[in-house]
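A.B. asks: Provided below for reference: sequence and predicted model.
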Amino acid sequence: MSRLRRVFELLTVVAIAILVFLACTEVSPGTEEQQLGMISNTPTIAPPTEPTPSAEPVPSVQATPTPWNTPTPMSAEMPPLKKGSKYADVEGEQGVLNEREYFRSAPGRNQRRVYRLEYHTKLVIVDRYKSEFNETWYRVAVVIDGKTEYGYVQASSVDIGKAKPTPAKTGPVNCGNGDTSIRHGEDRNGDGVYVVVLDPGHGGDFYGASHYGAIEKILNLKVALACQEYLENTYENVIVYLTRDRDRSIDPVSDVDDLELRVRVAVDVEADIMVSLHFDADGGRHRGAEGLVTKGELHERSAALSSLILENLEALGIENLGNRKRRSERSRYDYPDGEYMDGYLINRLAAESGIVNCIIEHAQMDNEDDFYDFCNTDEKLKKIGIADAIGIATYLELIPKSQ
Ligand SMILES: [Zn+2]
């Protein structure tokens, strides 16, 4: 009897342990929501914590040039992240980093990483090299903590002479009736040029959804490129930037899809609007396109932009599921007026930067009908990109180029 009782007690303990474990384990959100930075009970941005003393002091790094082609062992330690915000006072062509990039001690991927340089770091190119893999590398001068330092970055990470959008030569745009007031409250710097940032979701190691042999990151990119091309070819006074223009991670030196960096692209180019481009996969049960919009102060403008894009997608035959705003479940993300913060991090970060943003889920790529009707060829994706462009142009009241 007592043995039976002990077995029963043991089983009870095991059952309680399992229940406690299940209660503590949250149902994790789907890939799409995670990658969109859905702020659930697990905050994406960690609350400020006390600095913990590190076991070892971080050794100071010196940009001492190593002989050409001498591989240096990779350090497991992350080099410090620095931003060069002004050009070094040296001879050479000026450029900016178009992504986060390592600043290395010599040209080549296996050379020592001295710093991680922040997106949009200003640099001066003082020399050019070919690496052993036939990649072009620049020797550059950057100003780090007030000091000019020399190091090497890969040429593909540098945009030459594209530090800022070119200001309009013509001044404010005439809206057609002599009214030169700023339309829709956009054109935030009042230079008459509309700066649009298209943000194709995922990229590189981050695939997004994957169905019927297609990968979301690629679909998003194709739509973004088509949208950019159409906007720039069709309308006056619009500049379109992409947060990524090829299949790469938004932050190649990190193992997370850095949503903050996406918004920082928009902030750095003084974007008037930012549209994040995605395809949804919600179990394949339904069809249609949906807009995810901010619930904060910019809600009406965010929703107007999204609705115009959705209407143009609807004209292609895609079901219009309308806009959705999602609230964060954590009170610590309250907006100053007491409103709950946006549930989606991109919506929130853009809103905090005063940029009108929406996320467009163009179709359900795991729904067979949506996939084969709208997603399975480049031509169909191009139509989606053009529909986005027309929606954006309508929102900004862009003027078509005269033939
Ligand atoms: Zn996505």
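C.D. replies: Everything's here; your move. Numbers count the residues shown, from 1 in each chain.

A.B. asks: give the burial count for residue 147, as a bare number.
C.D. replies: Using other C-beta atoms under 10 Å, residue 147 has 9 other residues around it. C-betas here are computed from N, CA, C, even on glycine.

A.B. asks: my bad, residue 377
C.D. replies: If you count neighbours by other C-beta under 10 Å, residue 377 ends up with 11.

A.B. asks: could you check how far it is from residue 214?
C.D. replies: Distance, residue 377 to residue 214, using C-beta to C-beta, to the nearest Å: 10 Å.

A.B. asks: quick one: list the elements packing against whichever strand or helix holds residue 363.
C.D. replies: Applying DSSP states H and E as the criterion places residue 363 in strand 356-364. Helices and strands touching strand 356-364, by 3 or more C-beta pairs under 8 Å, 6 or more residues apart in numbering; DSSP states H and E, are strand 273-280, strand 289-293, helix 299-314, helix 345-352, helix 378-396.

A.B. asks: what's the closest of these to the ion?
C.D. replies: strand 273-280 (3.4 Å; C-beta to the ion).

A.B. asks: the closest one near the ion anywhere?
C.D. replies: Yes - Strand 273-280 reaches the ion (C-beta under 5 Å from the ion) through residue 278.

A.B. asks: partner strands of that strand, with direction?
C.D. replies: Strand pairing for strand 273-280, determined by DSSP bridges: strand 194-200 (parallel), strand 356-364 (parallel).

A.B. asks: so who does the nearest residue to residue 365 once chain neighbours are set aside touch?
C.D. replies: Counting by C-beta to C-beta, 6 or more residues apart in numbering, residue 365 lies nearest to residue 279, which is 4.3 Å off, once chain neighbours are set aside. By C-beta atoms under 8 Å, 6 or more residues apart in numbering, the contact list for residue 279 reads 208-209, 216, 219-220, 361-365, 375.

A.B. asks: can you redo the residues you listed as TSV with distance to residue 9 and pLDDT?
C.D. replies: Converted to TSV, these look like this (distance: C-beta to C-beta, whole Å; pLDDT from 0 to 100):
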residue	distance to residue 9	pLDDT
208	49	93
209	47	94
216	51	96
219	56	97
220	56	97
361	52	96
362	57	98
363	56	97
364	51	96
365	52	96
375	57	97
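
A.B. asks: and which of those residues is nearest to the ion?
C.D. replies: Distances from the ion to the contacts of residue 279, taken by C-beta to the ion, are shortest for residue 208, at 4.1 Å.

A.B. asks: burial of the closest residue to the closest one other than its chain neighbours, as a residue count?
C.D. replies: Counting by C-beta to C-beta, 6+ apart, residue 208 lies nearest to residue 216, which is 3.0 Å off, once chain neighbours are set aside. By the criterion of other C-beta under 10 Å, residue 216 has 29 neighbours.

A.B. asks: could you check how far residue 276 is from residue 148?
C.D. replies: Distance of residue 276 to residue 148, computed by C-beta to C-beta: 37 Å.

A.B. asks: pop the domain breakdown of this structure in here.
C.D. replies: In the domain annotation for the chain, the residue ranges read 81-160, 189-396 (automatic domain parsing).

A.B. asks: with respect to burial, which of those domains scores highest?
C.D. replies: Highest mean neighbour count of the domains of the chain: domain 189-396, a mean of 21 (counted as mean count of other C-beta atoms under 10 Å).

A.B. asks: does the ion have contacts with the strand holding residue 363?
C.D. replies: No - on the criterion C-beta under 5 Å from the ion, strand 356-364 is out of touch with the ion, staying 7.3 Å away.

A.B. asks: who are the packing partners of the helix or strand that comes right after that strand?
C.D. replies: Using DSSP H and E, the helix or strand that follows strand 356-364 in sequence is helix 368-370. Here helix 368-370 touches no other helix or strand, going by 3+ C-beta pairs under 8 Å, 6+ apart.

A.B. asks: and the helices in the stretch 201-350 of the chain?
C.D. replies: 216-234, 259-268, 299-314, 345-352 (DSSP state H, counting those that start in this stretch).

A.B. asks: residue 121 is nearest to which of these?
C.D. replies: helix 259-268 (10.6 Å; C-beta to C-beta).

A.B. asks: list the contacts of residue 369.
C.D. replies: Applying C-beta under 8 Å, 6+ apart to residue 369 gives the contacts residue 287.

A.B. asks: how about residue 159?
C.D. replies: For residue 159, counting by C-beta under 8 Å, 6+ apart, the contacting residues are 95-98.

A.B. asks: closest one of these to residue 128?
C.D. replies: Of these, the one sitting nearest to residue 128 (C-beta to C-beta) turns out to be residue 95, at 11.9 Å.

A.B. asks: put together a markdown table for the helices and strands packed on strand 356-364, with mean pLDDT on each row.
C.D. replies: Shown next, in a markdown table, are these (pLDDT from 0 to 100):
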| stretch | mean pLDDT |
| --- | --- |
| strand 273-280 | 96 |
| strand 289-293 | 94 |
| helix 299-314 | 93 |
| helix 345-352 | 85 |
| helix 378-396 | 96 |
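
A.B. asks: can you redo those as a markdown table with distance to residue 141?
C.D. replies: As requested, the helices and strands packed on strand 356-364 are exported to a markdown table (distance: least, C-beta to C-beta, whole Å):
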| stretch | distance to residue 141 |
| --- | --- |
| strand 273-280 | 32 |
| strand 289-293 | 42 |
| helix 299-314 | 41 |
| helix 345-352 | 32 |
| helix 378-396 | 38 |
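
A.B. asks: coming back round to it: using CSV, write out every CA atom in the strand holding residue 363.
C.D. replies: Taking Å, rounded to 0.1, in the frame of the first residue of the first chain, the C-alpha atoms of strand 356-364 are listed here in CSV:
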residue,chain,number,x,y,z
VAL,A,356,4.2,57.9,-41.7
ASN,A,357,4.6,54.1,-42.1
CYS,A,358,2.5,51.1,-42.9
ILE,A,359,3.3,47.5,-43.4
ILE,A,360,1.6,45.9,-46.4
GLU,A,361,1.0,42.2,-46.4
HIS,A,362,0.4,41.9,-50.1
ALA,A,363,-1.3,38.4,-50.3
GLN,A,364,-1.3,35.2,-48.5
